[in-house]
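>>> using only what follows, build the 3D model:
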Amino acid sequence: MGDTALVLGGGGITGIAWELGMLAGLAEHGVDLTTADLVVGTSAGSVVGAQIATGVDVEERYAAQLVDPTGEIAARLGRATLARFALAVVGPRDPQQVRARIGGVALRSRTVPEAERIAVIANRLPVHEWPERALRVTAVDARTGEFLVLDKDFGVPLVHAVAASCAVPGVWPPVTAGGRRMIDGGVRSPVNLDLAADHGRVAVLAPQARGLSAGGGVARQAAALRAAGARVVVASPDQAATRAIGRNVLDPARRAAAARAGRAQAAAAVAEFDRIWRS
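Numbering: from 1, shown residues only. Alright, predicted model coming up:
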């Protein structure tokens, strides 16, 4: 296995757009992160990661963010859902138990039908087969709270794996595959950066940097990799991109603005990524 890893974090539909804008902008300036030996995708990052790993052109996917978001379903992470999350965290603090309680919220929530949601994800992915390239997609078993790393050998179809990784509890339905009900890998961490611990050069695009637990945040996970000797560069939305994204990361109407903001931000991030990527 090679030395470079690209880690793509969660952040809703605007996170997908911002990541694609960053990737297209960085490539335009000579830093092509899509050449990574390993791609790790969580939630929104699983969509972008699957597109990259299956060989889809980044400029093509960036351009797709700028057109009307047909086929998408608008949603919002409302106060009632956030309150159920808060209650789920109350109790024993074992991380897997906390994830299982959040999974329980997901299993009890009323959402769109699972088949309808999977169709949305399938529409986002031009290629539906697992690539030969190393791609790791994160999810959580809704019943047990077990953290799952899905790849081509796991036995779950790519579309279902990505749909599971994007299954925000209380908003989208858990995804059924391989005898499991699975939810968003972001329940464990918005980036799951530790999955790239076996690589020496790691580029991270993190639309959301803070996790449900202190250990799941981007800063702590990046520090752990650096302490182990890896060279790690992290980018999150700057002020302009944060304004473009807005308060609701699940709003398809914000997609184009988020993509353009990501591309604009890339110009300022090139030098930092270039130092580790082309060294």
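>>> so where do the strands sit in the stretch 51-200 of the chain?
134-141, 147-150, 175-177, 180-184 (DSSP state E, counting those that start in this stretch).
>>> how about V162, nearest residue that isn't a chain neighbour?
S46 (4.7 Å; CB to CB, 6 or more residues apart in numbering). In this view, the C-beta of every residue, glycine as well, is placed from N, C-alpha and C.
>>> same deal with S189?
Closest residue in space to S189, ignoring its immediate chain neighbours: G216 at 3.6 Å, by CB to CB, 6+ apart.
>>> how about V56?
Among residues not flanking V56 along the chain, P126 sits closest, at 5.2 Å (CB to CB, 6+ apart).
>>> by mean pLDDT, flag the weakest helix or strand of the chain.
helix 79-89 (a mean of 69; mean pLDDT, DSSP states H and E).
>>> who are the contact partners of the closest residue to A206 other than its chain neighbours?
Once flanking residues are discounted, A206 sits nearest to G9: 4.0 Å by CB to CB, 6+ apart. By CB atoms under 8 Å, 6 or more residues apart in numbering, the contact set of G9 is 15, 42-45, 186, 190-191, 204-209, 218.
>>> out of those residues, list just those in helices.
15, 44-45, 218 (DSSP state H).
>>> and the two most separated of these?
A44 and V218 (14.0 Å; CB to CB).
>>> what about the two, which has more around it?
More crowded of A44 and V218, by other CB atoms under 10 Å: A44, with 31 against 22.
>>> next one: that one from E116, what distance?
Using CB to CB, to the nearest Å, one obtains 19 Å as the distance from A44 to E116.
>>> next one: R99
When R99 is compared with E116 (using CB to CB), they lie 25 Å apart.
>>> counting neighbours, what do you get for the residue nearest to V56?
Quick note: P126 (other CB under 10 Å) scores 15 neighbours.
>>> wait, it sits on I52?
No - P126 lies out of contact with I52 (CB atoms under 8 Å); the separation is 11.4 Å.
>>> re earlier: what's the closest of the contacts of G9 to A5?
Among the contacts of G9, and counting by CB to CB, the member closest to A5 is V204, at 8.8 Å.
>>> the closest one is in contact with R226, isn't it?
No - between V204 and R226 there is no contact under CB under 8 Å: 11.5 Å.
>>> tell me which of these two has more neighbours.
Using other CB under 10 Å as the criterion, V204 and R226 rank with V204 on top: 26 against 12.
>>> who are the contact partners of the more buried one?
6-7, 9, 191, 193, 218, 222, 232-235.
>>> ok, it to V127 distance?
For V204 relative to V127 (CB to CB), the value is 24 Å.
>>> and if you look at D94?
When distance is defined by CB to CB, D94 is 38 Å away from V127.
>>> more neighbours: which of the two?
Shown here are D94 and V127; by other CB under 10 Å, V127 has more neighbours (14 against 10).
>>> list the contacts of the more buried one.
50-51, 54-56, 158.
>>> how does it look with 6 Å?
Contacts for V127 (CB atoms under 6 Å, 6 or more residues apart in numbering) come out as T54.
>>> then I121?
159, 162-163.
>>> closest to V140 among these?
The closest of those, once distances to V140 are taken by CB to CB, is A163, at 13.3 Å.
>>> leaving out chain neighbours, which residue sits closest to the closest one?
Using CB to CB, 6+ apart, the nearest residue to A163 is I121, at 4.2 Å.
>>> what's the spacing between that neighbour and W172?
Taking CB to CB, one finds I121 at 9 Å from W172.
>>> how about A197?
For A197 relative to W172 (CB to CB), the value is 29 Å.
>>> which one's more surrounded, those two?
The neighbour comparison of A197 against W172 (other CB under 10 Å) goes to W172, with 26 against 13.
>>> just to check, the more buried one is in contact with R117?
Yes - using CB atoms under 6 Å, W172 makes contact with R117 at a distance of 5.3 Å.
>>> mutual contacts of those two, please.
What both W172 and R117 touch, as defined by CB under 6 Å, 6+ apart, is an empty set.
>>> so where's the stretch 1-150 of the chain uncertain?
Filtered on pLDDT under 70, the stretch 1-150 of the chain yields the residue ranges 1, 82, 85-92.
>>> and the helices in it?
12-28, 44-53, 58-65, 79-89, 95-108, 114-124 (DSSP state H, counting those that start in this stretch).
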